[in-house]
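> My questions concern the predicted model and sequence given below.
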Amino acid sequence: MLKNTTKLIAILLTATLFMGCASLSAQTDRNEYRQQATEILESVPLFDGHNDAPYQYRNRVGYKFSELDFYDTTQLENPMHTDIPRLNEGRVGAQWWSVYVPAGIPEDEAVKRTMEQIDFVYRMAEKYPDEFEMAYTADDVERIFADGKIASLIGMEGGHSISNSLATLRMFYDLGARYMTITHSRTLDWADAAGDDPQHDGLSEFGEEVIREMNRLGMAVDLSHVTPATMKDAIRVSEAPVMFSHSNARGLNNHPRNVPDEVLQLLPGKDGIVMVTFVESFTSEELRRWYAERSGYRAELESLYPGQPDIVSEKLEEWSDENEMPKSTLEQVADHIDHIRDQVGVDHIGIGGDYDGVSSLPDGLEDVSTYPDLFAELLKRGYSEEDLRKIAGENMLRVMRGIEATADRLRQVREPSEVLITDFE
C-alpha cells in the first residue's frame, strides 16, 4: 500500500512539474514574439472595444480626478485594470470608453447618468490632453494615433439609456456616442436581452426603427448582450456593418452572451466584426460550468436548510474547497480568435477586453498592458503581420468607414424618424 502511495505521489509530482514547465515554456516561446507584436501595434491603432474605467471612477471617487489620478490606479486597495502608463505599455491606440449605467435603474435616471458618464470621458480628455483626444470618425482615429495619442471614442452600453426615445438617441449621437449596445442585461420594451426572458422574439417594430435611425445617424449597432434572435433581426434590418464590442464564440463556450456560429456566418454579408473579450466566464467553458454547478448546489442547500444561511455558507465553502475553480487563460482567448477565423476569416475579428468591467481576468491578460502578449501568442500560432494589423485596428477602421458611408447616403434620402414607441402599442 505504501509502495503504491509513493508511486502515485511521484506521478502527481511529475505531472505537476510537467504542467508547470509546459506553462513556462509557452510563456518563453511567446516572449520570443513579443517585440515583433509590439512593433506591429505601433504601426496601427490598436482598438479596444470596451473599457469600463468611467464607471469605476463613478463608483470609487464620484468622478473626481483630484482623488484618483489616472496616471496611477495601482495604489488602490483594489487596483483598477487601467491607467495611462499601462495603456501606453499595452500600445492601445483607440479606446471605446463604455458609458455604462445599470439596466435596472429607472430609464429616465439612466439618461441622466449616461450623460454624466459622457461628461467624464470629455473631462478625462481635457485633463490629460497629451494622452487622449476625442474621436468621432475613422479619420479622427488615424490622425490622433499619428499624433501619438489615444483616440477616445464613446460607446453606450444598453438601449435602456435612450428611454424609448429616438430623440434621446439623436442627442446622444450629438454628444459623441458612436456605438450603442442594443441591450444590457434586461429585456427592453423593444429588444430581447441575453440572459433575460424574451418578449419580442428579437426586435419589436420600434426596435427595428431604432436600428434604422442608428444607421441614418452613423452610430454603430452593437450586438453584445442580446439574444440570437435580436442579433439576427438587427443584422437583417441594418444597412450598415454591425459589431460585437465584447463577445466570444459560443462554439467554444455556450454562455448566452457569446455569438453562435450561425450568427457568425451572417457577419461577412454585413461586413461586421466580433471584438473578442477577456471576460473569464465567456472564455472558459469549464469555468462557466463550475459557476453553474456551484449555483445549483447553492439552490439545493437553500432548499435543504431554509432560514439557516450560516449552514448554507459553510457547506458552500466546503464545496468550493473540494472543487477548485478553473482559471481561464490567454491561450483560451486566442482559441476564440482561432474559432472565429476558422468560421469567417480574420477580417471580422477585433479585441474588446472589458477591462474594469469585471473582477477577474485570464492568466496573462491581467491589465491593459498585456495586449502585446496576446498578439505574440497569435504570431506564435502562425498568424501573419497582416492578420495582426487587421485584428488590432484595420478591421474596426473599415467597419467605422462603412457605417459612416451608410449614414452619408441615408441622410440624403431620410428625414429623422418621427416614430414613437407608443405608435406601436
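It's in.

> Arg60 is in contact with Leu76, isn't it?
Yes: under the criterion of Cβ atoms under 8 Å, Arg60 makes contact with Leu76 at 7.4 Å. Quick note: C-beta positions are derived from backbone N, CA and C, even for glycine.

> Could you tell me which residues touch both of the two?
Contact criterion Cβ atoms under 8 Å, 6 or more residues apart in numbering; residues bridging Arg60 and Leu76 by contacting each: Leu68.

> how about the helices in the stretch 301-425 of the chain?
For the stretch 301-425 of the chain, the helices identified by DSSP state H, counting those that start in this stretch occupy 309-322, 330-344, 371-380, 385-389, 395-413, in order along the chain.

> contact partners of the fourth one?
With contacts defined as Cβ under 8 Å, 6+ apart, helix 385-389 is touched by 36-37, 40-41, 43-44, 346, 375, 378-379.

> what about 7 Å?
Helix 385-389 is contacted by residues 40, 43-44, 346, 375, 378-379 when judged by Cβ atoms under 7 Å, 6 or more residues apart in numbering.

> Likewise for stretch 348-357?
For stretch 348-357, the surrounding residues in contact (Cβ under 7 Å, 6+ apart) are 47-53, 56, 80-82, 98, 245-246, 267-268, 272-279, 337, 340-341, 367-368, 391, 395-396.

> now the contacts of helix 385-389: which count as buried?
With neighbours counted using 16 or more other Cβ atoms under 10 Å, the contacts of helix 385-389 contain these buried positions: 40, 44, 346, 375, 378-379.

> the strands in the stretch 201-350 of the chain, which residues?
220-222, 242-244, 273-276, 349-351 (DSSP state E, counting those that start in this stretch).

> if you average pLDDT over the longest one, what comes out?
In this model, strand 273-276 has an average pLDDT of 98.

> re earlier: got the strands of the stretch 201-350 of the chain as JSON lines, with mean neighbour count and distance to Arg414 columns?
Output for these, formatted as JSON lines (neighbours: other Cβ atoms under 10 Å; distance: least, Cβ to Cβ, whole Å):
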{"stretch": "strand 220-222", "mean neighbour count": "29", "distance to Arg414": "16"}
{"stretch": "strand 242-244", "mean neighbour count": "31", "distance to Arg414": "19"}
{"stretch": "strand 273-276", "mean neighbour count": "29", "distance to Arg414": "25"}
{"stretch": "strand 349-351", "mean neighbour count": "26", "distance to Arg414": "29"}
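
> how about the ones you listed, which one is nearest Leu410?
Nearest to Leu410 among the strands of the stretch 201-350 of the chain is strand 220-222; the distance by Cβ to Cβ comes to 13.3 Å.

> and Asp310, which of the strands of the stretch 201-350 of the chain is closest to it?
With Cβ to Cβ as the measure, strand 273-276 is the member of the strands of the stretch 201-350 of the chain nearest Asp310 (41.6 Å).

> Determine the set of other helices and strands touching the closest one.
strand 242-244, helix 330-344, strand 349-351, helix 395-413 (3 or more Cβ pairs under 7 Å, 6 or more residues apart in numbering; DSSP states H and E).

> Report the buried residues of the longest one.
Across helix 395-413, burial judged by 16+ other Cβ under 10 Å covers 395-400, 402-404, 406-407, 410.

> which secondary structure elements does that helix contact?
When contacts are defined as 3+ Cβ pairs under 7 Å, 6+ apart, helix 395-413 packs onto helix 138-146, helix 205-217, strand 273-276, strand 349-351.

> Throw these into JSON lines and include distance to Asp174, thanks.
Supplementary listing: the helices and strands packed on helix 395-413 in JSON lines, determined by distance: least, Cβ to Cβ, whole Å:
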{"stretch": "helix 138-146", "distance to Asp174": "16"}
{"stretch": "helix 205-217", "distance to Asp174": "9"}
{"stretch": "strand 273-276", "distance to Asp174": "25"}
{"stretch": "strand 349-351", "distance to Asp174": "26"}
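
> Looking at these, spot the one closest to His160.
With Cβ to Cβ as the measure, helix 205-217 is the member of the helices and strands packed on helix 395-413 nearest His160 (12.0 Å).

> Verify the stated contact: Ser328 with Ser284.
Yes: with contact defined as Cβ atoms under 7 Å, Ser328 counts as touching Ser284 (3.8 Å).

> Quick check: beta-bridge partners of Phe47?
In this structure, Phe47 has beta-bridge partners Ala94, where bridges are defined by DSSP bridges.

> Pull up the gap between it and Trp97, please.
Noted for Phe47: a distance of 12 Å to Trp97, by Cβ to Cβ, to the nearest Å.

> likewise Glu322?
From Glu322 over to Trp97 (counting by Cβ to Cβ), the distance is 41 Å.

> So these two - more neighbours on which side?
Between Glu322 and Trp97, counted using other Cβ atoms under 10 Å, the more crowded position is Trp97 (26 against 7).

> pull the CA atoms of the host helix or strand of that one into PDB?
Assigned by DSSP states H and E, Trp97 belongs to strand 92-98. Below are the C-alpha coordinates for strand 92-98, written out as PDB (Å, rounded to 0.1, in the frame of the first residue of the first chain):
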ATOM      1  CA  VAL A  92      -3.600  51.000 -27.100                       C
ATOM      2  CA  GLY A  93      -4.200  53.400 -29.900                       C
ATOM      3  CA  ALA A  94      -8.000  53.700 -29.900                       C
ATOM      4  CA  GLN A  95     -10.300  53.100 -26.900                       C
ATOM      5  CA  TRP A  96     -14.000  52.700 -27.000                       C
ATOM      6  CA  TRP A  97     -14.900  54.000 -23.500                       C
ATOM      7  CA  SER A  98     -18.100  52.400 -22.200                       C
END
